[in-house]
Each structure stands twice: as C-alpha cells, then as structure tokens.
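Peer 1: Coordinates for the following, if possible.
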Amino acid sequence: MTRLSHRTLGRIAALSASLAASTWAAPALALVVPAEVALRVADDWGTGFRADVTVRNLGDRPIARWRLRFDVDRRIAQIWNARLVKQRGSRVVVKFPEWAPEIPAGGTASFGFVGEPGGDVAQPAGARLRGAARARPTPTPAPGGSGDGGSQAAILLSGIDDPAAREIQITIPLGTAEFEVAVPGVAQPVISAATNDSQVATAAIAATSRLRLAGVAPGRTGLRLRDASSGAVRHLGVRVREPDGSLPGLPAHVAIGSVSEDTESDLALWRGFEEGALNTRVELRYVYLNGGPFGGWYDWQGGGGSRARTFIRESKKLGMIPVFVYYDIPNAGESYATDLAHVQDAAYVGAYFADLARALDIVHDEGGDDPVGIVLEPDFIGYLMQLSGRRPDQIAAAVHAAYDAGVLSRASDPAFPDTVVGFVSAVNHLIARRAPNAFFGWQVNLWASLTDGSGIPATGLMRITDSLGIAAGRDRIRAEARKIAEYYAAAGILDHGAHFVSIDKYGLDGGFGSGAAAPWSSTWFWNAIHWNNYLVFAGEIARATAKPIVLWQIPVGHVNASLAPDPRSAGALFPPLANTTQRYEDSAPTFFFGDAFSTGSDAGRLAYFGARDPDFPASVSVAGNVVTWSSHMEAARDAGVIAILFGDGVGESTHARGSPPPDGYWFLTKVQEYLADPVPLAP
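Peer 2: From the prediction side, this is the model:
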C-alpha cells in the first residue's frame with residue numbers, strides 16, 4: 001500500500017475546541033483509576049504504522065477531562081480523537097478531545113495515532129487514567145439568548161422580539177428599514193450598531209433608540225447591537241432580499257469559508273466587526289458531525305444534537321452560512337477496513353441512517369429557509385476505489401437496514417440495492433427528501449486512483465509534472481481526474497439531487513516535518529506549478545461531473561517572510577510562522593489570494609517558489625530574492641470552484657481562528673482584502 005492511502009489518517013482530529021471547553025467545569029475531585037488500553041495496528045508500512053487505541057475506564061465512577069498515561073516504545077507522529085500532552089522516551093500522556101471529555105464508568109474512549117517506526121508494535125503498558133470525579137454541565141443558551149458577551153440585559157427590537165423569544169435573524173428589502181430598540185430596565189440606554197459586511201447592509205442608530213438598516217446588496221451580514229450603559233451586547237443576522245423579493249442564496253462570487261467551533265474563542269473572533277483589513281468576516285463556516293451513530297456528535301455538548309443546532313443558530317447570527325462535514329461511516333480511526341466493515345454491518349448501517357435522519361431534521365428545522373451545506377463522508381469512496389479492486393456496484397453494503405430502521409419506507413421510497421451504489425444513492429435521496437434546504441456533495445480524493453506501479457511518484461499526482469514535464473504531466477492529471485470522476489459517478493454521488501463535488505488537499509500543512517526546510521522534496525509544500533496542477537485536476541473533475549466544485553480543508557498557513565503589511569502593527573510586516581505545532585507554513589492561501597515574500601539567502605527556496613509555469617507565465621514573478629505570486633481566485637473560478645473552505649486538518653495544523661489566531665491574522669487579513677472585491681462566478 002502506498003503512503004498516499006494514509007493521507008487523511010488524522011482528519012477526525014480537525015475537530016478542535018468545541019463547546020465542551022466551556023461546558024465542563026474544572027475537576028471537583030482528582031481521581032486516579034485503573035484503565036485497560038488495547039492497541040490495534042490497522043496498517044503498517046515499515047517506516048511507520050497507524051494504530052487504533054481503545055481505553056476502558058475500569059473504575060466505578062465516570063471520569064471527566066481525562067488524561068491517560070501509558071508506555072509505548074514508538075514515537076507518536078500524529079494523533080486524532082485525543083490530544084498529545086507530552087512524550088518523553090516511552091512514556092506518553094494524552095488527554096481528552098474537547099468535544100468528548102468524559103468516559104463513563106465501564107465505558108470506553110477511542111483515539112488513533114501514527115507511530116514511527118513500524119514493525120512488531122507491543123501493547124501499551126503501565127496505563128493509568130486520571131481525571132475529575134464529577135463534571136457540572138452548564139446549560140446551553142436558548143435560541144437568541146445572551147451567548148453574545150456583555151451583561152444579561154436584553155436588547156430588544158420592538159415588533160420583532162418579545163423578552164421570551166428573541167429573534168436570531170431579521171430579513172429586510174433593499175433600501176432602508178427601521179426598528180425601535182429598547183433595553184428593558186435601563187432608563188437611558190446608549191445604543192450603537194454595526195454590521196460585519198457593509199457591502200450588504202449598514203447600520204446606524206438615529207434619535208437615540210431607532211435602528212436604521214440600509215440594505216445595500218442582496219446577501220447576509222451580521223449585526224451587533226451594544227448598550228454602553230449596561231454592557232449588553234446582542235448579535236443577530238440580517239438578510240437582504242434580492243430585487244425581486246426572493247431570499248438571498250449562496251454568494252454570487254467565489255465564496256470563502258473557515259472551519260469553526262462554537263467556543264467563546266472562535267465566536268469572539270467572528271464578532272470582531274471591524275472595518276477594512278481589520279475585519280474578521282468569512283461567508284461560510286464549517287464544523288464536523290462525526291464520532292459515529294453510537295455516542296458520536298449527537299450526544300456531545302449537552303446532547304440532543306445541540307452541537308448542530310447551536311452551530312446553525314450562531315452562524316445565522318453572524319450572517320454566515322453553516323456547513324457540516326458529515327463524517328460518520330468511521331466512528332473513530334478511519335481506514336478502508338473500518339469503513340467497509342461498517343457499511344456491511346446491518347446494525348451499524350441502520351443506526352447510521354437514523355443518525356443522518358436526525359441531523360437532517362436539525363438542518364431542516366433550524367435552517368428553515370436558509371441554505372445549510374453538507375460535505376459527505378471524506379475518503380470513504382477513495383478508499384474503495386484505491387483498495388477494493390471492485391466496482392461500486394460489486395461492493396456489498398447493508399442498505400436494507402435503513403428500511404428496517406424505519407428511516408426509509410419500502411412502500412414510498414425507491415428500492416435501493418444492498419451495494420455501495422445503493423448506500424450512496426440512499427444517502428442523497430434522504431437528504432433531498434428530508435432537508436430540501438440543504439446543499440450537499442460528496443468529497444473526491446485526488447489520490448483515489450493511486451496504486452502500486454501506477455507511475456505516479458511517491459510525492460503524489462500533483463507533482464507528476466516534476467518528472468513528466470508540464471504538458472505530459474497535465475495530460476496525466478486530467479486522465480487520472482477523469483478516472484476518479486467516473487468511479488465516483490458510478491458510485492452514485494451525482495444522483496438524487498447532489499449539488500456539488502468537494503475536493504480537499506491534505507490534513508497537514510506543507511511545512512510539517514521536513515517540509516519547511518526542504519519544500520522541493522516535500523509531498524505537500526507545493527509551488528505555484530503544483531497548485532496550477534491542482535486547479536487542472538479540479539477543472540477536469542468539474543467537467544466530468546458537470547457539478548461545481550467546493551474546495552474543502554484547504555490549509556491556512558502561508559509562505560514565510562511575507563511582505564504584506566500587518567494592519568494591527570503599524571509599519572510592521574507579519575512575523576514568520578515558527579514551523580511548530582499550529583504554526584506551520586503552507587502555500588495554499590499564498591496561491592489563492594496572492595502575496596509577495598522574501599526567500600532571503602536561501603537559493604533553494606528562491607528556485608523552488610520562483611519557478612514559473614509556462615502555461616500561466618504571469619502568475620509568478622521574481623525580483624532579486626523576492627517572489628510574488630498573483631491571486632489565483634479567477635483561475636479557481638474558471639476551474640469550476642464556487643467556494644473555498646479553509647481550515648486546519650489535524651491538531652498539529654496551523655490555526656487561523658480563535659482569539660487571537662496563532663497565524664497572527666495573516667489569513668483573515670488576506671480574506672478581507674479579497675472580499676472587498678471578490679471574483680464573481682459569472683465572468
């Protein structure tokens with residue numbers, strides 16, 4: 001098996017901080033309990049291996065905010081569904097993922113890791129579990145509830161709200177709309193108003209308590225109301241209708257999104273509401289619904305699906321479109337074997353469809369007449385194409401369990417066969433029927449067709465031009481894209497109302513490991529030629545499927561020594577990324593948004609990043625040791641891309657969210673510059 005078949009080993013760990021960070025109180029009593037740890041090597045390629053780990057709480061009490069200490073004679077290179085606290089010699093300490101902080105008495109938690117080297121991996125020894133004896137959940141804020149910072153005083157809009165039911169979104173026509181603002185219990189409120197997208201709507205307060213909204217263009221924006229006298233703050237969304245009175249849909253330009261949780265840190269970032277380059281707006285934000293149908297996302301953050309419900313509500317209040325990455329075929333560590341076993345297990349498939357149905361009910365109920373995006377099951381079909389040796393209609397899947405579970409009806413729904421084609425088609429059909437406001441698509445893997453002896457180098461398909469040259473290499477990329485598109489289409493991803501195809505890059509930044517020191521030998525630290533190859537691939541997928549493309553999980557790290565001025569530090573440039581955890585370089589946003597950067601005295605970097613593409617000669621220029629990459633958003637549009645969802649793929653990856661974001665706001669500064677003059681979808 002090639003290494004590229006492991007390219008998403010850590011994606012589940014892209015779930016960073018969630019509401020659990022504020023839901024679970026500090027330990028009331030420290031416990032040390034016996035634990036049983038079982039390690040299963042799921043794959044071994046000699047220089048490394050992937051392991052699935054299950055830890056069982058052998059104590060008689062639940063343990064919250066757990067930490068696990070154990071001994072293993074391997075170096076942990078990547079980890080997901082847990083966080084690596086430290087590793088010293090063979091002693092390892094990991095702790096809970098913030099979306100799942102508790103292990104019940106007798107219950108289990110699962111995580112996975114990539115270790116080095118492979119071969120004869122022993123079971124962990126000396127396991128000990130430590131944590132809190134009791135956790136105190138904090139109630140989730142009600143819809144439109146405070147959850148906005150400031151005091152508990154309520155800011156109300158007359159004719160829109162009442163004290164018991166505050167709206168989270170209002171809709172106005174183009175032109176001016178006015179609302180009376182009141183703060184009950186405050187004699188002399190001092191109200192201010194601001195929006196986070198003045199190209200859609202502006203806000204002002206007239207005559208002390210009159211909110212005046214001016215709808216400038218169809219679309220969505222967030223509105224912030226603040227009372228200086230009480231400290232009360234309220235956020236709610238504003239939709240501006242189209243000229244014909246219809247509601248706004250997706251942006252009419254190449255849209256920008258980010259991964260996001262509903263932590264106070266993430267929400268505080270999006271609530272910046274500044275002007276120009278200091279703003280922190282994106283147009284879509286996405287989160288993962290994962291963990292499987294048994295104790296997965298639905299039970300997190302207070303249960304009852306509050307993870308999804310709150311995410312939609314907070315997105316609406318910010319004027320953003322929510323997107324879910326529904327990732328439940330694997331319930332812990334992912335692999336070809338795990339995915340295949342789950343879709344062939346009737347009990348799992350029945351529970352899977354029941355779980356999907358309740359997710360769709362939330363999308364329908366909370367989304368209402370707003371669009372909610374869904375990216376479906378990353379890597380699943382890619383594993384099947386690469387490793388099964390069979391066509392999708394030859395691979396069994398227990399689709400009958402969806403009918404047995406009552407999610408599909410044998411009387412009124414189509415009779416989907418017990419194959420992967422039936423499974424995919426049933427998922428699409430269920431989404432279209434149960435949540436018609438959803439726009440959805442399956443993820444396509446650029447490594448899916450790779451097999452031993454294929455002629456694709458170990459550094460991957462996007463770098464095949466290094467050996468074959470531009471013309472021959474791009475012919476091969478187009479051929480592989482057509483092969484991949486044909487397999488995915490045969491699996492049913494285009495049927496029953498699917499709206500788009502999603503393509504990612506990789507879960508780790510290019511600068512991870514040795515990438516920053518020697519990007520020319522790195523699989524994932526691409527120069528502009530490789531990124532142009534990526535758009536060639538995306539364009540061929542778009543042509544072959546006749547669907548628009550949503551790029552997803554695109555890294556946010558930039559090429560170091562950026563010459564872009566930092567608007568938060570007068571006269572200064574952005575500091576370099578340290579190429580340590582959550583601060584790695586990558587070239588993705590440098591390519592899409594454009595930037596000039598210095599290569600200093602590093603001749604290797606100058607040659608590599610300054611390499612010019614004969615098919616796109618104007619996209620790269622070099623002056624001395626300064627390399628300039630132009631924006632490639634128009635090229636992305638021309639390749640069929642309608643949205644780019646940026647975000648860290650595994651826990652080590654660079655962050656561009658939180659307060660403050662570890663990348664120093666470089667990414668969001670570039671986003672604001674782009675959104676000031678975005679690339680329209682219709683040239």
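Peer 1: Could I get the average pLDDT for stretch 181-200?
Peer 2: In this model, stretch 181-200 carries a mean pLDDT of 94.
Peer 1: What residues of it count as buried?
Peer 2: For stretch 181-200, a neighbour-count test (16 or more other C-beta atoms under 10 Å) marks 181-183, 186, 189, 191, 193-197, 200 as buried. From N, CA and C alone the C-beta is placed, and that goes for glycine too.
Peer 1: ditto for stretch 287-300
Peer 2: Judged by neighbour count using 16+ other C-beta under 10 Å, the buried positions of stretch 287-300 are 287-293, 295-298, 300.
Peer 1: Can you tell me the closest non-neighbouring residue to the residue nearest the centre of the chain?
Peer 2: The residue lying closest to the centre of the chain (C-alpha atoms, centre = their mean) is Val259, at 4.0 Å. Using C-beta to C-beta, 6 or more residues apart in numbering and skipping residues adjacent in sequence, the residue nearest Val259 is Gly647, 2.9 Å away.
Peer 1: need the contact list for the one you found.
Peer 2: Taking C-beta atoms under 8 Å, 6 or more residues apart in numbering, we find Gly647 in contact with 14, 258-259, 286, 552-554, 556.
Peer 1: if you set the cut-off to 10 Å instead, what comes out?
Peer 2: By C-beta atoms under 10 Å, 6 or more residues apart in numbering, the contact list for Gly647 reads 14, 16, 257-260, 285-288, 325, 504, 552-556, 653-657.
Peer 1: Wait, the residue nearest to the centre of the chain touches Pro661, no?
Peer 2: No - assessed by C-beta atoms under 10 Å, Val259 is found out of contact with Pro661, at 11.6 Å.
Peer 1: Could you tell me which residues touch both of these two?
Peer 2: 266, 556, 655.
Peer 1: what about the first one, how many residues close to it?
Peer 2: Right, Asp266. 26 (other C-beta atoms under 10 Å).
Peer 1: For it, grab phi and psi.
Peer 2: phi -70, psi -50 (degrees, to the nearest 10).
Peer 1: Spit out the contact partners of Leu535.
Peer 2: Here Leu535 is in contact with 549, 551, 591-592, 616, 632, 635-641 (criterion: C-beta under 10 Å, 6+ apart).
Peer 1: Where does confidence bottom out across the residues you listed?
Peer 2: Scoring the contacts of Leu535 by pLDDT puts Phe616 last, at 93.
Peer 1: Report the beta-bridge partner residues of that one.
Peer 2: Asp613 (DSSP bridges).
Peer 1: contacting residues for it?
Peer 2: Phe616 touches 470, 528-529, 531-532, 535, 630, 632, 635, counting by C-beta under 10 Å, 6+ apart.
Peer 1: rewinding a little: are any of the contacts of Gly647 buried, and which?
Peer 2: Those of the contacts of Gly647 that meet the buried threshold are 14, 16, 257-260, 285-288, 325, 504, 552-556, 653-657, by 16+ other C-beta under 10 Å.
Peer 1: quick one, what contacts Ala217?
Peer 2: Applying C-beta under 10 Å, 6+ apart to Ala217 gives the contacts 174, 197, 199-201, 240, 242-243, 248, 252.
Peer 1: Which among those count as buried?
Peer 2: 174, 197, 200-201, 240, 248.
Peer 1: Turn those into CSV, columns for secondary structure and distance to Pro678.
Peer 2: Shown next, in CSV, are these (DSSP: H, G, I helix; E, B strand; the rest coil; distance: C-beta to C-beta, whole Å):
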residue, secondary structure, distance to Pro678
Leu174, coil, 19
Asp197, coil, 11
Val200, coil, 12
Ala201, strand, 17
Val240, strand, 16
Pro248, coil, 15
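Peer 1: Walk me through which strands the longest strand belonging to the chain pairs with, and which way each runs.
Peer 2: For the chain, the strand with the greatest residue count under DSSP state E is strand 30-44. Sheet pairing of strand 30-44 (DSSP bridges) gives strand 49-57 (antiparallel), strand 125-132 (antiparallel).
Peer 1: for the stretch 151-300 of the chain, what spans make up the strands?
Peer 2: 156-157, 169-172, 175-182, 191-195, 201-206, 210-215, 219-227, 233-240, 255-259, 284-290 (DSSP state E, counting those that start in this stretch).
Peer 1: Gly513 is nearest to which of the ones you listed?
Peer 2: Between Gly513 and the strands of the stretch 151-300 of the chain, the shortest separation by C-beta to C-beta is 21.8 Å, and it involves strand 255-259.
Peer 1: who does that closest one pair up with?
Peer 2: strand 284-290 (parallel), strand 641-646 (parallel).
Peer 1: now the ones you listed in CSV, with distance to Val372?
Peer 2: Below are the strands paired with strand 255-259 laid out as CSV (distance: least, C-beta to C-beta, whole Å):
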stretch, distance to Val372
strand 284-290, 10
strand 641-646, 14
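Peer 1: Relative to Arg210, which of those is closest?
Peer 2: strand 284-290 (31.4 Å).
Peer 1: so Ser110 is in which element?
Peer 2: Taking DSSP states H and E as the definition, Ser110 sits inside strand 108-116.
Peer 1: Go through that strand and flag the buried ones.
Peer 2: Using 16+ other C-beta under 10 Å as the test for burial, strand 108-116 gives 109-115.
Peer 1: Format those residues as JSON lines; extra columns: pLDDT and distance to Pro378.
Peer 2: Listed next are these as JSON lines, based on pLDDT from 0 to 100; distance: C-beta to C-beta, whole Å:
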{"residue": "Ala109", "pLDDT": "82", "distance to Pro378": "22"}
{"residue": "Ser110", "pLDDT": "80", "distance to Pro378": "18"}
{"residue": "Phe111", "pLDDT": "83", "distance to Pro378": "18"}
{"residue": "Gly112", "pLDDT": "81", "distance to Pro378": "15"}
{"residue": "Phe113", "pLDDT": "84", "distance to Pro378": "19"}
{"residue": "Val114", "pLDDT": "82", "distance to Pro378": "17"}
{"residue": "Gly115", "pLDDT": "85", "distance to Pro378": "23"}
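Peer 1: which one among the residues you listed gets closest to Gly510?
Peer 2: Nearest to Gly510 among the buried residues of strand 108-116, with distances taken as C-beta to C-beta, is Val114, at 17.5 Å.
Peer 1: ok, that closest one touching Gln78?
Peer 2: Yes - look at Val114 against Gln78 with C-beta under 10 Å: they come within range, at 4.2 Å.
Peer 1: Give the rounded mean pLDDT of stretch 160-171.
Peer 2: 86.
Peer 1: Can you give me the end-to-end span of it?
Peer 2: One end of stretch 160-171 to the other measures 11 Å (C-alpha to C-alpha, to the nearest Å).
Peer 1: Helix or strand: which one has Lys316?
Peer 2: Assigned by DSSP H and E, Lys316 belongs to helix 306-317.
Peer 1: Now do the helices in the stretch 1-150 of the chain.
Peer 2: Along the stretch 1-150 of the chain, the stretches classed as helices by DSSP state H, counting those that start in this stretch are 20-23.
Peer 1: returning to that earlier point: quick one: the helix holding Lys316 to strand 284-290, angle?
Peer 2: Helix 306-317 runs at 180 degrees relative to strand 284-290, counting by axes from the mean of the first three to the mean of the last three C-alpha atoms, to 10 degrees.
Peer 1: With just CA atoms, put helix 306-317 into CSV.
Peer 2: Extracted in CSV, the C-alpha atoms of helix 306-317 (Å, rounded to 0.1, in the frame of the first residue of the first chain):
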residue,chain,number,x,y,z
SER,A,306,-27.0,20.7,20.3
ARG,A,307,-23.7,20.7,18.5
ALA,A,308,-25.5,21.1,15.2
ARG,A,309,-28.4,23.2,16.5
THR,A,310,-26.2,25.8,18.1
PHE,A,311,-23.9,25.9,15.1
ILE,A,312,-26.7,26.8,12.8
ARG,A,313,-28.0,29.5,15.2
GLU,A,314,-24.7,31.1,15.8
SER,A,315,-23.9,31.1,12.1
LYS,A,316,-27.2,32.8,11.3
LYS,A,317,-26.4,35.5,14.0
